[in-house]
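Chemist: pasted the sequence and its predicted model underneath.
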Amino acid sequence: MRSVAEHCFPVVGRGIGTRRPMDLILVRHARAFDRDSAAWPDDARRPLTASGRDEFILLAKQLKRIAPAVEMVEASGFVRAWQTARILAEQTGWPQPSRLERLEAESVSSDGVDPIESLVRALEGMAGIESIAWVGHEPMLSRLASRLLAGSVDAMSINFKKGAAVAIRVSIDGKGPTPVARGELLWMLTPRLVARMKRRVKRRVKPA
C-alpha cells in the first residue's frame, strides 16, 4: 500500500543523480512561559517552564530509542528552542546543537528570502548527511513539513504540539538542473502520546 506521502510525491529511487535519503527530525520547542513583555522584553529570551522541561525529558528518552543516531542538531537561538536542543543532547546522546538562524525567521525577509524555501535549499545542499534534527518554532515547522510532504506550505494541516517531534525521510533528486527535496512521513511523537505510553507501562507492571 502506498503512503499518503507517496501519492503526493513518489519516493525518489537510488538512481544516477539521486543521493542517499536523509532523515530529518523536526522538533518544536517544549512548553515555555507565556509571553510577558515585563518579564522578557525580548521574547527570544523566554525560557522553558520546569514542567515543560520535565515533559520533554520523557519524550527525549523515547527519541533515543527510535532515533539513536543523529549526525547533526541545529536549533533556533531563542532560549526556549536552545534549551530544548540541549535536553536532546543530554538525553539522547545526539550532538550538541549549533545555531541555525534560518529557524528563527517568521516571515519573508526584507531582501525577499522565504525562510521555508531557504531551509529546503539547505537540505538540498547537504551531501553526505544521513540524519539531522532541527529544533524550532511554529508555524515554521508545520509549514516546512507540508512543503516537503505535499509540495507547498499550506497543502497539509499539521497539529505540531509543543515538545513534539516529526520524522521525515527526505530524498534529494539531483538529476535535474537543480536538486529537488521531497519527503515521506516516518513518524510523529507527542508529549501526550509519551505520557499515555508511560501510564500503560505502569498498569502492566502493577502487582496483582
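Modeler: Received the coordinates, thanks.

Chemist: in the top helix by length along the chain, what counts as buried?
Modeler: Ordering each helix of the chain by length in residues (DSSP state H) puts helix 50-66 first. By 16 or more other CB atoms under 10 Å, the buried positions in helix 50-66 come out as 52-53, 55-57, 59-60, 62-64. C-betas here are computed from N, CA, C, even on glycine.

Chemist: what about the residue nearest the centre of the chain, which helix or strand?
Modeler: In the chain, the centroid-proximal residue (CA atoms, centre = their mean) is residue 26; its distance is 0.5 Å. In this structure, residue 26 is located in strand 22-28 according to DSSP states H and E.

Chemist: show me the contact partners of the helix or strand harbouring residue 132.
Modeler: Secondary structure assigned from DSSP H and E places residue 132 in strand 131-136. Residues outside strand 131-136 that contact it (CB atoms under 8 Å, 6 or more residues apart in numbering): 22-29, 67, 69-76, 81-82, 84-85, 88, 94, 97, 100, 103-104, 119, 126, 141.

Chemist: separate out the buried members of the residues you listed.
Modeler: Using 16+ other CB under 10 Å, the buried members of those are 22-29, 67, 70, 72-76, 81-82, 84-85, 88, 94, 97, 100, 103-104, 119, 126, 141.

Chemist: in this structure, which spans are helices?
Modeler: Using DSSP H, helices in the chain cover 4-8, 50-66, 79-92, 115-124, 140-150, 191-204.

Chemist: those helices: lowest mean pLDDT?
Modeler: The weakest mean pLDDT among these belongs to helix 4-8, with a mean of 32.

Chemist: quick one on the thing from earlier: in JSON lines: the helices of the chain, plus distance to residue 166.
Modeler: As requested, the helices of the chain are exported to JSON lines (distance: least, CB to CB, whole Å):
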{"stretch": "helix 4-8", "distance to residue 166": "12"}
{"stretch": "helix 50-66", "distance to residue 166": "11"}
{"stretch": "helix 79-92", "distance to residue 166": "14"}
{"stretch": "helix 115-124", "distance to residue 166": "14"}
{"stretch": "helix 140-150", "distance to residue 166": "6"}
{"stretch": "helix 191-204", "distance to residue 166": "12"}
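
Chemist: mind checking which of those helices is nearest residue 35?
Modeler: Among those, the nearest to residue 35 by CB to CB is helix 79-92 (11.1 Å).

Chemist: and the closest one with strand 131-136, angle?
Modeler: Helix 79-92 runs at 150 degrees relative to strand 131-136, counting by axes from the mean of the first three to the mean of the last three CA atoms, to 10 degrees.
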